[in-house]
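Sequence plus predicted model, see below.
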Amino acid sequence: MIDFGKLRTLQIKKDILSITMLEKKEIITKTYIYLGIFLLAILMMGILQTAHSNSQITELEFKAGKTILRFGGVFFWLGI
């Protein structure tokens, strides 16, 4: 004889597990995206610093670029 109460409990546990796995996958994806954007900002800062040291851009352009990257980073981490 089939115990439908136990079968329903197992189905609920399976549903909860699948939802948890989807949430875990979503968190991992968001983490990779955040890390990628963070590394891209570091790379852009390096390029900006190199251009400034080679006198390809002025001091004002360098400071403006740094400020934009900083504000972008702050807004990014705040989730705006």
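Perfect, thanks for sending it.

longest helix of the chain?
helix 4-53 (DSSP state H).

what's the spacing between that helix and its chain's center?
Distance of helix 4-53 from its chain centroid, counting by C-alpha atoms, centre = their mean, to the nearest Å, is 7 Å.

next SSE after it?
helix 59-78 (DSSP states H and E).

Quick one: list the elements packing against that next one.
Secondary-structure packing of helix 59-78 (3 or more C-beta pairs under 8 Å, 6 or more residues apart in numbering; DSSP states H and E): helix 4-53. Backbone N, C-alpha and C define where each C-beta goes, glycine included.

can you tell me how far the most centrally placed residue in the chain sits from Ala41?
Nearest to the mean C-alpha position of the chain, counting by C-alpha atoms, centre = their mean, stands Tyr34 at 1.7 Å. Applying C-beta to C-beta, to the nearest Å, the value for Tyr34 to Ala41 is 11 Å.

anything in contact with each of these two?
Taking C-beta atoms under 8 Å, 6 or more residues apart in numbering as the contact rule, Tyr34 and Ala41 touch no residue in common.

Kindly state the pLDDT recorded for Met1?
You'll see Met1 listed with a pLDDT of 57.

swap that for Met21, please
Reading off the model, Met21 has pLDDT 91.

which residues of this protein score low on pLDDT?
Within the chain, the set of residues satisfying pLDDT under 70 comprises 1-4, 79-80.

if you set the cut-off to 80 instead, what comes out?
Scanning the chain for pLDDT under 80 picks out 1-7, 72-80.

Can you tell me, leaving aside adjacent residues, what's nearest to Gln49?
Distances taken as C-beta to C-beta, 6 or more residues apart in numbering put Phe62 closest to Gln49, at 7.9 Å, once the chain neighbours are dropped.
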